[in-house]
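Need coordinates for the below:
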Amino acid sequence: MNKLGIIYLAVFLIISALKPSRADTFIITDPSDTTNVTSLRGSIIAANAMGGANIIILTCPVYSLTIYGPDEDAGFAGDLDITNGSLTIVGASFSRVILDAAVLGDRVFQVFSNAQLTLEDLTITGGAGGRECSRLRR
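Next comes the predicted model:
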């Protein structure tokens, strides 16, 4: 690679490193378990696609996870897969918002190695797991 090519590569790498990550805040008022961005599952799928530091605020007292589908890793069924970026999920309407996964047939969350999950003011119930943990797999 010639000197000019190295300079272009260096400039590209610097600009790429300085480019801010996309982040968003999702306010979820729909307690149903769907893949629409207005639901918990749908907003997680959207946050995974964006990457960056995203926040999901849950405003209903109970969110029931009902889309059965163990061993699926895209978040469309079964557990809520956190695949990319840093995600914070906050219960905001009551002292503790409940995530009920009693009929899910899977753990509640799976956090992949290139992702980070923070939970605040939530109570997690239900969920089934294997040897790792009944509620969360890292």
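
So what sits opposite the residue lying closest to Glu120 once chain neighbours are set aside in the bridge?
Closest residue in space to Glu120, ignoring its immediate chain neighbours: Val90 at 4.6 Å, by Cβ to Cβ, 6 or more residues apart in numbering. Every residue, glycine included, has its C-beta placed from N, CA and C. Val90 has these beta-bridge partners by DSSP bridges: Ile57, Glu120.

Verify the stated contact: Val90 with Asn54.
No - counting by Cβ atoms under 8 Å, Val90 sits too far from Asn54 to count as a contact (11.3 Å).

And what about Gly42, helix, strand or coil?
helix (DSSP: H, G, I helix; E, B strand; the rest coil).

can you pull out the helices in the chain?
For the chain, the helices defined by DSSP state H occupy 3-18, 40-50.

hey, least reliable of these by pLDDT?
Ranked by mean pLDDT, the helices of the chain bottom out at helix 3-18, which scores a mean of 55.

residue contacts, the residue nearest to Glu120?
Taking Cβ atoms under 8 Å, 6 or more residues apart in numbering, we find Val90 in contact with 55-58, 120-122.

most surrounded residue in these?
With neighbours taken as other Cβ atoms under 10 Å, the top of those is Leu58, carrying 26 neighbours.

Leaving out the residues flanking it, which one is nearest to it?
Using Cβ to Cβ, 6+ apart, the closest residue to Leu58 is Val97 (4.7 Å).

how many other residues sit next to Gly126?
Gly126: 19 neighbours (other Cβ under 10 Å).
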